[in-house]
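Trainee: Curious how this folds, go ahead:
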Amino acid sequence: MTLPTLPQAELVPTDTEARFRAAVLRSAALLRAGKVVALPTETVYGLAANAFDPKAVAEVFAVKGRPAHNPIIVHVAGLDMARRCVSNWPASAEDLAQAFWPGPLTLVLPRATMIPDAVTAGGPTVGVRWPSHPLIQAVIAECGFPLAAPSANPAGGLSPTTAQHVLKALGGALRLIVDGGPTQVGIESTVVDLTDRPHRILRPGMIHQESLAAVLGASLEGEVPTAGDRPRRSPGQLPKHYAPKARLLVRSWASEAELRQRLAAETLDPAVTWVVAHTQIPSLAGWRGVSVVPRDAEAYARALYAELHRCDEAGAQGIVVEAVPATAAWRGIRDRLLRAAV
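Mentor: Residues are numbered from 1 along each chain as shown. Sure thing, here's the model as predicted:
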């Protein structure tokens, strides 16, 4: 699909009640017309289209350069809409939805016939999520149909957590970007496949495995890698994903001297390298830059992508990120860092 060259996207604010309502109406009008709109969610900004319109969904794939075997999550406003998108709504889905929706949790279930192949990569399942951000909730309610909405960035790249990130990456390919402020979760949703026994986490996020297991009353298994170009059941399973333009390394160090030694072995010059640290903070001298991010997992997740965007914008050739703890609270963050570093 060849996309026309568009003028720079219109960036619409939502900082007053009147502007919020105007943004909702403008977005819904474009979505009803089969266009693609960039909208905020609580996780990252999404590239939204009518989930029931195959041509609109195809435009999402074209704008992102997304491979056809990588499915798109369907975003809904309410349980009734979620149930219409699937052919089976088991008790496990009801329990998880009651516990965590609206919020950063995607449920993979057998798809309804009205969900086009383009959304699911031709597979038999669909990922469904009820986001908590009030803007996308209002847009879905105004449209009356669900939105297929992957992250609003080129495929494989850093997800956007501000409207400005979307504008810089895709401003020439979109008509409208709605500015709903910085996202509050900061990394993509947890994805749980409820079609298998035992249920399986396909993508970790900030809703943790232990919390999900407590609601389900059963344990969950981790992701099984999908090889080659076969359809996935969930986005976020490609080996390399969420990656900045600069080369990214995840490393631990006990001192700045050790960090410099480790980078020398990696043939990375500190003068072109940006350090993102949370416990072992180097001096500013001699580095392209140094970012200090929070040691709390939720605050770290909110800050991570913005800091990586900052490194790219500053022209860093390398980024070294201090390794995060190998605990449940950090599992989703570790997943994003490891895929970005492939």
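Trainee: tell me the domain ranges of this structure?
Mentor: Per automatic domain parsing, the domain ranges recorded for the chain read 10-216, 247-340.
Trainee: end-to-end on the longest one?
Mentor: I take that to be domain 10-216. End-to-end distance for domain 10-216, by C-alpha to C-alpha, to the nearest Å: 44 Å.
Trainee: Burial-wise, tell me which of the domains of the chain comes out on top.
Mentor: Ranked by mean neighbour count under mean count of other C-beta atoms under 10 Å, these are led by domain 10-216, which reaches a mean of 21. Glycine gets a C-beta too; all of them are placed from N, C-alpha and C.
Trainee: ok now that domain, how far from the chain's centre?
Mentor: 9 Å (C-alpha atoms, centre = their mean, to the nearest Å).
Trainee: Ok, stretch 263-280 next?
Mentor: 26 Å.
Trainee: distance between the ends of it?
Mentor: 15 Å.
Trainee: Show me the residue at the heart of the chain, geometrically.
Mentor: Glu188 (3.4 Å; C-alpha atoms, centre = their mean).
Trainee: That one touches Thr161, doesn't it?
Mentor: No - at 10.6 Å, Glu188 does not count as touching Thr161 under the criterion of C-beta atoms under 8 Å.
Trainee: Any chance you could list residues touching both of those two?
Mentor: Counting by C-beta atoms under 8 Å, 6 or more residues apart in numbering, the shared contacts of Glu188 and Thr161 are Val44.
Trainee: picking up where we left off before, and the residue nearest to the centre of the chain, which of the three is it?
Mentor: Going by DSSP: H, G, I helix; E, B strand; the rest coil, the secondary structure assigned to Glu188 is coil.
Trainee: please renumber so the chain begins at 55
Mentor: Yes, from this point I'll number from 55; that puts the last item at Glu242.
Trainee: Which residues are in contact with the residue nearest to it when sequence neighbours are not counted?
Mentor: Spatial nearest neighbour of Glu242, excluding adjacent residues (C-beta to C-beta, 6 or more residues apart in numbering): Thr97 at 5.3 Å. For Thr97, the contacting residues are Pro158, Pro185, Thr237, Val239, Gly240, Ile241, Glu242, Ser243, Gly259, by C-beta under 8 Å, 6+ apart.
Trainee: Could you do Ala377 as well?
Mentor: Ala377 neighbours (C-beta under 8 Å, 6+ apart): Val304, Arg305, Ser306.
Trainee: Pairing partners for the first one in the sheet, please.
Mentor: Using DSSP bridges, the bridge partners assigned to Val304 are Val375.
Trainee: so it touches Ile373, yeah?
Mentor: No - between Val304 and Ile373 there is no contact under C-beta under 8 Å: 9.5 Å.
Trainee: out of the contacts of Ala377, who's nearest Arg251?
Mentor: Taking C-beta to C-beta as the measure, Arg251 sits nearest to Val304 out of the contacts of Ala377, at 33.8 Å.
Trainee: circling back to that earlier point, which one of the contacts of Thr97 is nearest Leu322?
Mentor: Using C-beta to C-beta, those come closest to Leu322 at Ile241, 25.2 Å.
Trainee: Give me the distance between that closest one and Glu352.
Mentor: According to C-beta to C-beta, to the nearest Å, Ile241 stands 10 Å off from Glu352.
Trainee: Between those two, which contacts overlap?
Mentor: With C-beta under 8 Å, 6+ apart as the test, Ile241 and Glu352 both reach Met260.
Trainee: what kind of secondary structure is the residue in the chain sticking out farthest from the centre in?
Mentor: Each residue of the chain has a distance to the centre, and by C-alpha atoms, centre = their mean the biggest one is for Ala311: 35.1 Å. The three-state assignment at Ala311 reads helix, by three-state DSSP.
Trainee: Contacts only, for the nearest residue in space to Lys118 that is not next to it in sequence.
Mentor: Spatial nearest neighbour of Lys118, chain neighbours left out: Ala209 (4.8 Å); criterion: C-beta to C-beta, 6+ apart. The contact partners of Ala209, by C-beta under 8 Å, 6+ apart, come to Lys118, Gly119, Arg120, Pro121, Asn124.
Trainee: Please repeat the previous calculation with a cut-off of 10 Å.
Mentor: Counting by C-beta atoms under 10 Å, 6 or more residues apart in numbering, Ala209 makes contact with Phe115, Val117, Lys118, Gly119, Arg120, Pro121, Asn124, Pro289, Leu292, His295.
Trainee: Then Ala331?
Mentor: By C-beta under 10 Å, 6+ apart, the neighbours of Ala331 are Trp307, Glu310, Leu313, Val344, Ser345, Val346, Val347, Val374, Val375, Glu376.
Trainee: Now do the nearest residue to the third one once chain neighbours are set aside, the pLDDT please.
Mentor: The spatially closest residue to Leu313, leaving aside those adjacent along the chain, is Trp307, at 4.0 Å (C-beta to C-beta, 6+ apart). The confidence metric pLDDT takes the value 97 at Trp307.
Trainee: how close does Trp307 get to Arg364?
Mentor: Computed as C-beta to C-beta, the Trp307 to Arg364 distance reads 21 Å.
Trainee: and if you look at Ile241?
Mentor: To Arg364, Ile241 is 16 Å away according to C-beta to C-beta.
Trainee: From start to finish, how long is stretch 99-110 in a straight line?
Mentor: Distance between the two ends of stretch 99-110: 18 Å, counting by C-alpha to C-alpha.
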